[in-house]
Structure formats: structure tokens, C-alpha cells
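**Student:** could you work out the structure for the sequence below:
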Amino acid sequence: MPTGPERFVEHPAYETEFTRARALLLAHPGRWRVLYHYDGDGIASASSALRALARLGYPAQATPFVGVERERMAALLKATPGPVLVVDTGASWLDLYAAHGAPVIVLDHHQYPGAPTPPKLPESVAFVNPLDWGVDGMSELCAGTLTWLYTIFLDPVNWDNAPWGLSGGISDRQHVGGFHGLSKTLVDEAARRSLVRPTRGLRLGSGPIGDALTHAIDPFFRGLSGRPDRVIDLLKGLGIDPATPVGALGPDPEKRLTEALRGHLTQQKVRPEFVELLVQDGWWVPSWGVDAQEIANWQNASGRAGTPGIGVAMALGDPSALDRAKAAETAWRKGILEGLLRLEAGGIKDRGSVQWFESPDTTLAGTQAGLAMNYLLDPFRPVVVFTASPGGETKVSARGTPWLVGQGLDLASACRTAAAAVGGEGGGHRVASGATIATDRRDAFLAEMDRLVGPQLKELRP
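**Tutor:** Numbering: from 1, shown residues only. A predicted model of the protein is given here:
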């Protein structure tokens, strides 16, 4: 079993990119600026990066990005005299880094124009992207696992960044059905080193089973989630005390509940692969005494609450940050649930090849869209959600499913092209993407998305 990262991937660009990025960082001790995406994967990436920089004795300043913000990236580069490390964002702006007077390292797993062949970059810029070495950044390596791997290249002591690698992968839903590809290699090695312990069981979170079902968002149970009276009726009908902790159900009650919930999801016409998520793998993190899913929730919620720095500070050992992250997770779950209940009651609109809705929750809209796509909406068309921001801009999140991607869906291409057509910016993954557009161009953007997605999914159209 390999214990070092050099032989994990055979493609020559793999070691070349990591070696260049490692050499550039080690050749420039001193203060680094870390730029990261505000979601759970970005926060996990920043966590690993900042822990590794601290071990090297490098001071660092961390700054989050909320969306596709080319102008802000340009302004931050201009305002930063020293070296910059960009994680989970920035692959679409490779042209900006060459002009920076200090080194720039970019660790990103998103599609970029020209992938898998990056443009020629000066020696002062290192770009690491799994697409360049035949690894799918949508399913086999997220930014959190990519940055964890980079820190291991810096020093094997950073294998203990495993909690942040896993939390990033879980935040980006690359754990669904079990990690695979390069992520699985990393997680298996972390397990071999006793940094994580694989588990398997009913995945409904923690706490009393009645509360867990009432607040369930993933899976979301139509007619049960958000309705404590109906949850109690279900559990009592199964002979289960609602106060029983999730982890203490026992084999027979857990089996009865699992079968009932599977039937409920099937009846609400959830695709089989999402029904199967009721029972799935988990990864216990001994150093934290929790499952990696909990860490992912705390960090993701911190970002969605507009305080991504709390999620990073938590990883760096600030106990007050952990308390704030837990409080943010409670509020985050409540906000997601309220959004899904709104959608359950109506509000979905039709635009031919896509379905869409509006959300007042700027930082929650993408999660709401993804979970609604899995559990509530027409599974044959992707969903687009719009959230208006101050200053005349609208944030766009688009979500599909792996099954739709298998049918030809490519939201990264569609969002990038549609946004450019209306003077905005977009990009991301085939299954999940985003854009920033002028608010008054929403209808034109929707028309472009309909035009672009239609041919991708032409075989699914009646």
C-alpha cells in the first residue's frame, strides 16, 4: 500500500504540477494571502492550507470569495504585495495571475476554459487542477481533498489534515455512494493511519430520532420534514420512542424505520440512488470524536451564515469558533428546511428545458436547489435559482444530478456561455454551477440556459 503521494496518479502532469507548486511555496517563506471560496469545500481547503502554512512558520491572511467575482480577484491581487495561494476558486481567471508581482499558487478542481490543457504560465504561477491529470474534479477530487493532498506533498505530517479533506469532499457530495478514485485512495490511507474510521448505518444525523426526522433535509421527506406531529405518529406506529437517540435504535427498530422511510421516499418519486442514501458510509474522526459529516456541516454552515472565517478558526483550534459553528449549523439547517418547505408548497416555475425559482437566502440558495433537485423536483430537468444582491446583481446557482450528467447535462458549459451572453460570468461543474449576472438580464439568461440545456438533454424530451 503506498504511503506517499507521488505514485497515486501515473499521469506525468500530476507530479509536475504538485512539484512546481511545492517548490514555489517553499522558496518564498513569509506572509501569504490565502483566497478561498466561502462554502464548505472552500473552508475545508483553507483549513488545510493554513494549518500547513503555520507548521512552516509562515504567517497568513485568509480572505473568502462568495461567488464568481473576477473584478474582486483583480482588486485583491492589486492590493496584495506578497504571494497568494488560491483554493477552490480562480481557475477561470488564470490570465490575472501572470501580472501579479509575487508568486501565485492556484489549487482548484473546477472546469476552466481550455481544460485539460492550461495556458502557458510564467514561472511565478503554479496551477494545480485534477482535470489536467485525468481525474474528475466533480466526483473524484474536490478542493478540500486536493489541498489536503498538496499539504502532504509539502510534508507528510499533514496527513492529519484528513478531517478537512473529508469534510470538503462531503460538502461537495463526493462521498455519496462512497468515495472513489483518488479521494478513495486518500481516505483509505488515512484509515490505515487510524486518522479516520469507516462506519456504515442509517444516516439521519444525531440527537433524538424524533428531532432528527423533523429537521431532516438530506434526505428531505415530503409530508414529514418540518412536521413533528406526523413524525411522532410514524415513529409510534413503528413502536419507536421519538426520544431514542439515533445511534441507540437497535438493529430491529432501525431496520423497521429504514424500510418505512425507503417506502416514503419511493412514494414521493425520489430517484433510487437518493433513496439508497438513507444507509451509507460514514467516517468517524477520533481526534474530534464526531463523524466527518458533522465537521462538514459546521464548516458549511459557517460559510452559508456569512462567517466562513469561523469555520476556518474552528479547524485551527479556536474553541469559541467551534461553539459559533455549531450555532450556525442549527440556523443553517433551519434556513434550508424553511426553503424546502416553501418549494414543497409551490413556487417552482417552468422554462422548457430547465425549472427555476427565486430564493431570498443568498448563501443558502445553492444548497436548497441541490436538495430540492434530489427530493422534490422534476428529475428530468436541472433547476436554476436566482438570488438578488444589492447593487443590481443577481447570484445564480444551477443544480442537476449525476444521472442527468450521464444523460449529457453540462451545467458548467451552459452557465458560462449563458452568463457571457448577458454580460456576466459563470462556471463550475457539470452537475453544479453558478453565475453572476445583472438583475435586469435574468430573463435573457434563462432563455439562454433553456437554449443550451435543451440539446444536451434532447433524448429526455417528450
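
**Student:** and what about Ile105, helix, strand or coil?
**Tutor:** Classification of Ile105 into helix, strand or coil gives strand, according to DSSP: H, G, I helix; E, B strand; the rest coil.

**Student:** contacting residues for Met338?
**Tutor:** Met isn't right for residue 338; it's Glu. Residues in contact with Glu338, defined by CB atoms under 8 Å, 6 or more residues apart in numbering, are Gly226. The way it works is simple: take the backbone N, C-alpha and C, and place the C-beta from them, glycine included.

**Student:** hang on, it in a helix?
**Tutor:** Yes. Secondary structure of Glu338, determined by three-state DSSP: located in a helix.

**Student:** how much space between it and Ser225?
**Tutor:** The span separating Glu338 from Ser225 equals 11 Å under the rule CB to CB, to the nearest Å.

**Student:** element containing the closest residue to Lys236 other than its chain neighbours, please.
**Tutor:** On the basis of CB to CB, 6 or more residues apart in numbering, the spatially nearest residue to Lys236 that is not a chain neighbour turns out to be Pro242, at 7.5 Å. For Pro242, there is no host helix or strand (DSSP states H and E).

**Student:** show me the contacts for Pro242.
**Tutor:** Here Pro242 is in contact with 208-211, 231-232, 235-236 (CB under 8 Å, 6+ apart).

**Student:** contacts only, for the residue at minimal distance from the centre of the chain.
**Tutor:** Nearest to the geometric centre of the chain sits Asp172, at 2.7 Å (CA atoms, centre = their mean). Counting by CB under 8 Å, 6+ apart, Asp172 touches 40-41, 142-144.

**Student:** most neighbours out of the residues you listed, which is it?
**Tutor:** Ranked by the number of neighbours (other CB atoms under 10 Å), the contacts of Asp172 place Gly144 first, at 35 neighbours.

**Student:** confirm that residue sits in a strand?
**Tutor:** No. According to three-state DSSP, the state of Gly144 is helix, so it is not within a strand.

**Student:** so which residues of the stretch 251-400 of the chain form helices?
**Tutor:** Per DSSP state H, counting those that start in this stretch, the stretch 251-400 of the chain has helices spanning 251-267, 272-275, 292-304, 308-315, 319-345, 365-375. These are given in chain order.

**Student:** redo those as CSV? Include mean pLDDT.
**Tutor:** Supplementary listing: the helices of the stretch 251-400 of the chain in CSV, determined by pLDDT from 0 to 100:
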stretch, mean pLDDT
helix 251-267, 94
helix 272-275, 90
helix 292-304, 93
helix 308-315, 96
helix 319-345, 93
helix 365-375, 93
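
**Student:** possible to save those helices as CSV with distance to Gly426?
**Tutor:** Formatted as CSV, the entries for those read as follows, by distance: least, CB to CB, whole Å:
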stretch, distance to Gly426
helix 251-267, 32
helix 272-275, 26
helix 292-304, 20
helix 308-315, 21
helix 319-345, 22
helix 365-375, 13
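
**Student:** and those, which is most packed in?
**Tutor:** Here the criterion is mean neighbour count by mean count of other CB atoms under 10 Å, and of these the winner is helix 292-304, at a mean of 27.

**Student:** what's that one packed up against?
**Tutor:** The criterion is 3 or more CB pairs under 8 Å, 6 or more residues apart in numbering; DSSP states H and E, and the helices and strands that helix 292-304 contacts are helix 40-56, helix 162-171, strand 279-285, helix 308-315, helix 319-345.

**Student:** tell me which of those lies nearest to Gly177.
**Tutor:** strand 279-285 (7.4 Å; CB to CB).

**Student:** does Leu53 touch Arg33 like I think?
**Tutor:** No. Applying CB atoms under 8 Å, one finds Leu53 not in contact with Arg33, separated by 10.6 Å.

**Student:** hey, what's in contact with both of the two?
**Tutor:** Counting by CB under 8 Å, 6+ apart, the residues touching both Leu53 and Arg33 are 60, 85.

**Student:** look up phi and psi at Tyr36.
**Tutor:** Note on Tyr36: its backbone torsions stand at phi -140, psi 160 [degrees, to the nearest 10].

**Student:** mind listing what's buried in stretch 228-235?
**Tutor:** Of all the residues in stretch 228-235, those buried under the rule 16 or more other CB atoms under 10 Å are 231-232, 234-235.

**Student:** how about stretch 52-59?
**Tutor:** Within stretch 52-59, the residues that qualify as buried are 52-53, 58, counting by 16+ other CB under 10 Å.

**Student:** contacts for that stretch, please.
**Tutor:** For stretch 52-59, contacts defined as CB under 8 Å, 6+ apart pick out 26, 29-32, 34, 60, 85, 150-151, 154-155, 157-158, 161, 316.

**Student:** in helices, which of those appear?
**Tutor:** The helices in this structure, assigned by DSSP state H, contain 26, 150-151, 154 from the contacts of stretch 52-59.

**Student:** about what we covered before: can you flag which of the contacts of Pro242 belong to helices?
**Tutor:** Counting by DSSP H, the contacts of Pro242 contribute 209-211, 231-232, 235-236 to helices.

**Student:** could I get those residues as CSV with distance to Ala418?
**Tutor:** Shown next, in CSV, are the ones in helices among the contacts of Pro242 (distance: CB to CB, whole Å):
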residue, distance to Ala418
Ile209, 44
Gly210, 44
Asp211, 41
Val231, 41
Ile232, 46
Leu235, 46
Lys236, 50
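
**Student:** next, give me the two most distant ones among those.
**Tutor:** Largest pairwise distance in the ones in helices among the contacts of Pro242, by CB to CB, is 15.0 Å, between Asp211 and Lys236.

**Student:** who has more neighbours out of those two?
**Tutor:** Between Asp211 and Lys236, counted using other CB under 10 Å, Asp211 has the larger neighbour count: 18 against 12.

**Student:** who's in contact with the more buried one?
**Tutor:** Pro242.

**Student:** buried ones in the helix or strand harbouring Thr16?
**Tutor:** Secondary structure from DSSP H and E places Thr16 in helix 12-26. For helix 12-26, burial by neighbour count (16+ other CB under 10 Å) applies to 13-15, 17-18, 20-22, 24-25.
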